[in-house]
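Trainee: fold the following.
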Amino acid sequence: MFYNYRMLNIAPLRVNDLDEICMDLKDLHRSGVIDSVAFSCSLTPEGNPAVDKGREYAEAFRQFQEKLKGCGLAVGILIQSSMGHGWTPRAPTPYQKIVRGSNGMEFYSFCPEGKEFQAYILHAIHQLAETLPDFFMVDDDTRLISGREGCFCPLHISRYNETYGTNFTSEELRRLAYEDDEVAHRYDKMLEETMTRYFQLIRRSIDEVSPALHSSFCTVEFDFRFSAKFAKILAGDNGPAIIRINNGRYLNECQRDVPQWLRKTAKQIVPLHSEAILLAEPDTCSHNRYCTGAYAMLEQITLSLLEGCKGGKFWITRMSNHEPASGIAYRNVLKKYKGKLKALRDMDVVWSGPSVPVPVPGVFSFPVCKCTTSGWENTFGRMGIPFSFTTEQTTCYALTELQIAELPEVELARIFQTSPVLLDGPAALALTRLRHSDWIGCEAIPWDLTTVSFEKWSERIISVGAKSRRAHLIPTADSCEELSSYYHRTSFYDNNPQYLAPGSLYYINPFGQQVITMASWEHHGGPNKWDGADMMSETRKAQLLSFLQRLSPLGLFYPGDAELLLRYGFSETRRVAYLANLGFDPLEEIPLCGEWAANASKIQVLEPDGSWRALEYTTANGFLSLNLDLPAHQVAVLEFS
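Mentor: Here you go, the predicted structure:
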C-alpha cells in the first residue's frame, strides 16, 4: 500500500522515551501538523566486525510501531545513513571507503562497489523491511559528488581502467577528472552506474520481503541530475517517485541570501517537478532554536511550498538527547499555520516577471560544479522587484554570466530571438567571447580605463565604490542608445568630470528584440558585506525599474526601500502574489505599484488557518498602499481580483 505522505517528522528510536515520543507524535497528527513519521536508523557500519545495526533498530522500531498502531499516522523508517555522512565512529569498520577527488584521502563513507559493504547493507535493510513499515526513506548520504568529488578508491580505478583499456593510477585519474572533459564525463557516467546498482540493491532487499513497500529518496544539490532515476528505482512499482530536495538552511538565518537560496531550490524543482512529488527540507539542525528559529523554519517551508514543493521533511524533535522543550515553539508555530501550509500545498503557481532561468536539465557537476555565482534574483529579491526562474509567463529575461555559462547556446539564441533581455557586464563579456555581440549591439572587454567616480543616469547620479567592477562596453551599432554614462573626476570638487564609457546601453537587436546591457554587476546585491553595495541604492533601484518597465511592464512591484521579496503569478483562476520581509524592520503600510495594483478591486490575504481575509488599502497617484502587518521572517500570500 502506498501512503500519500507529505508532512513527515523525523523521530528518534529512543526506547526509554517511547511513551512520551509516541504521545507527541499522536498529538502532532491529531492537530493536523504531520501525516507521517519516519524513525531514524543510522546503518553506516561501525565496529570490527560490524555491529548488526539492522537487528537492533528493527527491535526498537517494532515497539514504536505497536504503540502507534491504529492512530492513523503513517509510520515509516528513515535510513538516515547507509554509506555514511562522513563522521568517523569510535570503532571504525574496515570496509572500502570513498577516496575523495579533492585530496585523495579516505572519507568515512563506504564505497557502494565494496562486496562486504553490499552484503552488510542487504542484510540490514532486509531486517528492517521485515518489520513492514508503512514506507522507507533513503537519506542523502547516498551520493558520490556533493562533498565527495567522486570516489577514486581501488575499486573504481580498476573499473575505469577495465572499461576504457587504460592503466591510470588514482592520482592520475583525479588530476584528469579536473583537467580533461572527456575523462570527467566518463568518470561521471561510471559513478552514476555505481549509484544505480546501489539503489537497485536496496530495492531488491526490500522486495525480498514486500514488493508493496514504497521508498522515497533524499537528493543533494550537485547530484540531483540523477535524482528522478534513483527515486523511481527506490519507489518500485508501488506509487510515484518522491524526492526530498536539498534546500535546507542549516544554521543560517541571514535573510539577505533568501533569494539566492530560492534559486538553489528552483534549480532542483524546475527540472524535477514533472518527474516526482517533491518535498522540502525544513531541517532545524541541530533541532533547537539556538540553531533555527521557529519562524525561520516557517519561512523556509512557506517559500518552498510557494516554489512548488508539496510537503516537507521536518526535524522538530531533538534527536541527540531527550529535550522536548526544545521543540515546543516549532510545534506551536506549525499548529497555528497548518491551514495556510495546507492551502499552499494545494496551490500551483506559475510565477511571472523577469525570468532568471535555471537550466533544464541540471548542469554537469563533476568533479565540482563550476556554475555557483549569484544573479539578478539577489538584487530583485531584496528590492521588491518580481522575478521567476522559468520560461512561462515571463515578461523579459534578466541574464548574468551564470546563465550564459549554464544554458545551452541554442536556448540563449531562442531567448534573444523571442524576448526582451536585461544583462549585466559579465554576461556581456561572456557573449562577446562567444562571438554573439551582434545580439546586444556592443562588445564588452574587461575594464581598461581609469577609475570610475560616478554613473550618470537621466540627470541623476549613482554612487560607485572604489572597488566596484564593471565591463567596458563598446557600441558596435549606430542605433545603440546610451542610457547612462561613467565619469571620472579628480576630486569631489572637480566640476569638469571626464566622460569614460557607457554605463548602460539600449539596443533593438536583429531579431527585433529590445536589449539593455548594464556594465556593472557587483554580486547583484548579495549578502557578502560590501560586495553588493553599488547595486543596492534608491537611485539604482529607480534605474532598474525604469529599464525593466521599458522592456516589458511589470504587473506588480514594491517602490519602497525596505528589504522586501515580492513575486506575483497565476494559480489556475487566481492572481497570486507574496511578500516576504527580508529585513529586520516590521512593515505596516506597504506601497505597491504596477497594473495589478492600479486595477485591483479586492485584495485578500491568506490567514494562518487557511482562510482568506479581505485587506484594507488606499490608492492614489498610481500607488496602492496596503494595510498589512509584516514582521521579519513572515510571508504574506495575497490574492488580487
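Trainee: what is the lengthiest helix in the chain packed up against?
Mentor: What stands out as the longest helix in the chain, according to DSSP state H, is helix 181-207. Helices and strands touching helix 181-207, as assessed by 3 or more Cβ pairs under 8 Å, 6 or more residues apart in numbering; DSSP states H and E, comprise helix 115-129, strand 136-138, helix 154-164, helix 170-179, strand 215-218, helix 227-235. Every residue, glycine included, has its C-beta placed from N, CA and C.
Trainee: and for residue 457, nearest residue in space, chain neighbours not counted?
Mentor: Spatial nearest neighbour of residue 457, chain neighbours left out: residue 484 (3.7 Å); criterion: Cβ to Cβ, 6 or more residues apart in numbering.
Trainee: next: residue 475.
Mentor: Using Cβ to Cβ, 6+ apart, the nearest residue to residue 475 is residue 442, at 4.9 Å.
Trainee: test my guess that that neighbour contacts residue 479.
Mentor: No: Residue 442 is not in contact with residue 479 according to Cβ atoms under 8 Å; the separation is 11.2 Å.
Trainee: overlap of the contact sets of the two?
Mentor: Residues touching both residue 442 and residue 479 by Cβ atoms under 8 Å, 6 or more residues apart in numbering: residue 507.
Trainee: more neighbours: which of those two?
Mentor: In this view residue 442 and residue 479 are compared by other Cβ atoms under 10 Å, and residue 442 has more residues nearby, 24 against 10.
Trainee: on that earlier part again, as CSV, the helices and strands packed on helix 181-207 with distance to residue 329 would be great.
Mentor: Shown next, in CSV, are the helices and strands packed on helix 181-207 (distance: least, Cβ to Cβ, whole Å):
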stretch, distance to residue 329
helix 115-129, 32
strand 136-138, 25
helix 154-164, 46
helix 170-179, 45
strand 215-218, 25
helix 227-235, 32
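Trainee: nearest to residue 60, of those?
Mentor: helix 115-129 (10.6 Å; Cβ to Cβ).
Trainee: run through who's touching that closest one.
Mentor: Contacts of helix 115-129 (Cβ under 8 Å, 6+ apart): 41, 43, 45, 50, 52-55, 57-58, 61, 77, 79, 82, 95-96, 110-112, 136, 201-202, 204-206, 208-210, 213.
Trainee: 7 Å instead, please
Mentor: Residues outside helix 115-129 that contact it (Cβ atoms under 7 Å, 6 or more residues apart in numbering) are 41, 43, 45, 50, 53-55, 57-58, 77, 82, 95-96, 110-111, 201-202, 205-206, 208-210, 213.
Trainee: list only those of those residues flagged as buried.
Mentor: Among those, those scoring as buried are 41, 43, 45, 50, 53-54, 57-58, 77, 82, 95-96, 110-111, 201-202, 205-206, 209, 213 (criterion: 16 or more other Cβ atoms under 10 Å).
Trainee: from residue 591, how far out is the closest residue to residue 247 other than its chain neighbours?
Mentor: Spatial nearest neighbour of residue 247, chain neighbours left out: residue 265 (4.3 Å); criterion: Cβ to Cβ, 6+ apart. Using Cβ to Cβ, to the nearest Å, residue 265 is found at 28 Å from residue 591.
Trainee: now the helices for the stretch 251-400 of the chain?
Mentor: Under the criterion DSSP state H, counting those that start in this stretch, the stretch 251-400 of the chain carries helices at the ranges 258-272, 294-307, 328-336, 338-345, 376-383.
Trainee: distance to residue 520, mean pLDDT and mean neighbour count for these - can I get that in TSV?
Mentor: Below are the helices of the stretch 251-400 of the chain laid out as TSV (distance: least, Cβ to Cβ, whole Å; pLDDT from 0 to 100; neighbours: other Cβ atoms under 10 Å):
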stretch	distance to residue 520	mean pLDDT	mean neighbour count
helix 258-272	18	94	22
helix 294-307	28	97	23
helix 328-336	41	98	18
helix 338-345	37	97	19
helix 376-383	11	94	28
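Trainee: can I get the helices and strands packed on helix 181-207 in TSV with mean pLDDT and mean neighbour count?
Mentor: Formatted as TSV, those follow (pLDDT from 0 to 100; neighbours: other Cβ atoms under 10 Å):
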stretch	mean pLDDT	mean neighbour count
helix 115-129	98	20
strand 136-138	98	25
helix 154-164	98	15
helix 170-179	95	16
strand 215-218	97	26
helix 227-235	97	22
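Trainee: just the pLDDT for residue 522.
Mentor: Per-residue confidence (pLDDT) for residue 522: 64.
Trainee: in this protein, where's the longest strand?
Mentor: Determined from DSSP state E, the single longest strand within the chain is strand 498-508.
Trainee: shaky segments in the stretch 451-600 of the chain?
Mentor: Scanning the stretch 451-600 of the chain with the threshold set as pLDDT under 70 gives 466-467, 522-523, 525-532.
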